[in-house]
Each structure stands twice: as structure tokens, then as C-alpha cells.
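Enquirer: Show me the folded form of this:
(one chain, ligands or ions: 1)
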Amino acid sequence: MAQSKLILIGAPGSGKGTQAQRVAEWLHVPHISTGDILREAVKSRSELGKKAEPIMASGALVPDDLMVGIIGERLEQPDAKGGFILDGFPRTVHQAEKLDRLVEGNGNGALRVIHLLVPDEVIVRRVTSRRLCSKCGAIYNTEHSRPKVEGVCDRCGAALVARPDDVESAVKKRLDAFHQQTMPVVEHYRSKNLLKVVDGNGPVDQVFERLEASIR
Ligand code: AMP
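Expert: Just a heads-up that it's a prediction; the model follows:
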């Protein structure tokens, strides 16, 4: 197996969170989701959380300097030394350049980047049917990834909720942010020959198989 420093890039609702969880379990690397880190910060009412909450609810991006600080600290943790899968970072070219330097500094080989490609019209439908565990962050979908008991997390038994930024107005803004700020990150890694594109349309298991094949 090639070394596992992976970045999964995808529009909001592309399934990147669900797939990143599965890839992390498969490769035994930590799943590092900056969205999850920020949602935890909001829940705990930390300074970071108070700053991030209104920005996230509007669908805009949290400033780069905050995000680069968060990811720098997280990648310093011992569990990330042998590899990781990043979900939701980098989202701007500036973040990507900072990450490239961090990873080069570790001297453990190059990143591999996957763009999970899903058409916009599929995205809006998926996002509005998404549910999240209020405790452990596990992801469900009222259309195709239902929990065993409605409204209850299979993993930890806590209540499932909709994300406050999954309302239609915020989804549109998040999609705009993706096209304007994150697609240039895709181009950044394409030009470095680190990019693979995987079709993210279809059932979760089928998409995971495509990802497996592209990572192997
Ligand atoms: P996600 O769970 O990845 O969809 O992230 C939810 C929200 O958190 C985004 O819409 C942003 O407001 C914020 N966020 C997460 N990751 C980043 C990042 N790398 N840069 C800026 N904002 C971020």
C-alpha cells in the first residue's frame, strides 16, 4: 500500500465525510475533518467556536489563518504521524500551500489528492436529507443511509439532527464557495500531478469501491 497521506476534496454534500470515515477505517489512519473540529468548538463554546459559529451558519469559509493553525496543531498529534485522511481541508489555495509546506517539512513523502466529483443538482438533494449524530458526528441520510432506529445514532445512541448550515440558502453559498475558492485547490494539485478524480455519484458502497481502487 502506498503511504496514506490523503486529501479528499468534494463539494458540500458530495459524500466526502461519509467516504473519508470509511477510508480512515480501512487504512487505519485518523479521519481529520475540519468541519467536525469546528462543530466541536461551537458545541463547547470555545473562543474558536464563538468566532466560527456565525460564519459557518452563513455558509462562508472560516478565515485561513485560523484554519491553518487548527490543522497545524492536529497534524502534530502522534496519531497523524503515520498518515491521515483530510476532509474539508484545504479549501483555499492559501491553505493548500501552507499544508504542502507542513507535509514537506515532515519528510514523509507526498500527499495524494482525490476529487470526489458530484453534479450540483445531486448535491442539493443530498444535503437537505442529511442527518448528523449530535454526539459522535456519524453521518446518515433520510433517503439512502437511514439509521436502524429513526432519529437515533447506530453507533452511540444519541439523537440525530440536521446541520444548521444544511438549509437551502446556506447550501447555495457553500456551493459558491466551493466553486470559487476550492476548485482552484483541485487545479493546484492537478498541476502538481497529485490529483485523481473519482466519480462520487451513486450508492455509498459503490463510491467506496471506486475510491479503494484509486487509492490502492
Ligand atoms: P464541512 O463539514 O467540511 O462542510 O464544513 C462546514 C463549514 O465549516 C464550512 O462551510 C466552513 O464554514 C467551515 N470550514 C470547514 N473547513 C474549513 C476550511 N478548511 N476553511 C474554511 N472554512 C472551513
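
Enquirer: Any chance you could list what contacts whichever helix or strand residue 54 is part of?
Expert: Applying DSSP states H and E as the criterion places residue 54 in helix 47-58. For helix 47-58, contacts defined as CB atoms under 8 Å, 6 or more residues apart in numbering pick out 38-43, 61-62, 66, 70, 164-165, 170, 173. For every residue, glycine as well, the C-beta is placed using N, CA and C.

Enquirer: Cross-check the residues you listed against the ligand and keep the overlap.
Expert: Applying CB under 6 Å from any ligand atom to the contacts of helix 47-58, one finds that 38, 61, 62, 165 fall near the ligand.

Enquirer: Please spell out the ChimeraX selection for the buried subset of the contacts of helix 47-58.
Expert: Those of the contacts of helix 47-58 that count as buried under 16 or more other CB atoms under 10 Å are selected in ChimeraX with:
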select :38,39,41,42,61,62,66,70,165,170,173
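
Enquirer: coming back round to it: and the next helix or strand past the helix holding residue 54?
Expert: helix 64-76.

Enquirer: Below-threshold pLDDT in the chain: ranges please.
Expert: Applying pLDDT under 70 to the chain picks out residues 1-3, 105-109.

Enquirer: residue nearest the centroid of it?
Expert: Nearest to the geometric centre of the chain sits residue 87, at 2.7 Å (CA atoms, centre = their mean).

Enquirer: Name the residues linked to it by a beta bridge.
Expert: residue 8, residue 33 (DSSP bridges).

Enquirer: wait, doesn't it sit right on residue 18?
Expert: No: using CB atoms under 8 Å as the test, residue 87 is too far from residue 18 to be in contact (9.6 Å).

Enquirer: so is residue 14 in a helix, a strand, or just coil?
Expert: Here residue 14 is recorded as coil under DSSP: H, G, I helix; E, B strand; the rest coil.

Enquirer: tilt between the helix holding residue 54 and helix 64-76?
Expert: On the basis of axes from the mean of the first three to the mean of the last three CA atoms, to 10 degrees, helix 47-58 is oriented at 120 degrees to helix 64-76.

Enquirer: Pull out the buried residues from helix 47-58.
Expert: 48, 49, 51, 52, 53, 56.

Enquirer: Quick one: name the residues of the chain near the ligand.
Expert: So far as CB under 6 Å from any ligand atom goes, the chain lies against the ligand at 12, 34-35, 38, 55-56, 59-62, 67, 88-89, 91, 95, 165, 174.

Enquirer: coming back round to it: switch the contacts of helix 47-58 over to CSV; also include secondary structure and distance to residue 119.
Expert: Formatted as CSV, the contacts of helix 47-58 follow (DSSP: H, G, I helix; E, B strand; the rest coil; distance: CB to CB, whole Å):
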residue, secondary structure, distance to residue 119
38, helix, 27
39, helix, 26
40, helix, 31
41, helix, 32
42, helix, 30
43, helix, 32
61, coil, 22
62, coil, 26
66, helix, 31
70, helix, 30
164, helix, 25
165, helix, 20
170, helix, 19
173, helix, 18
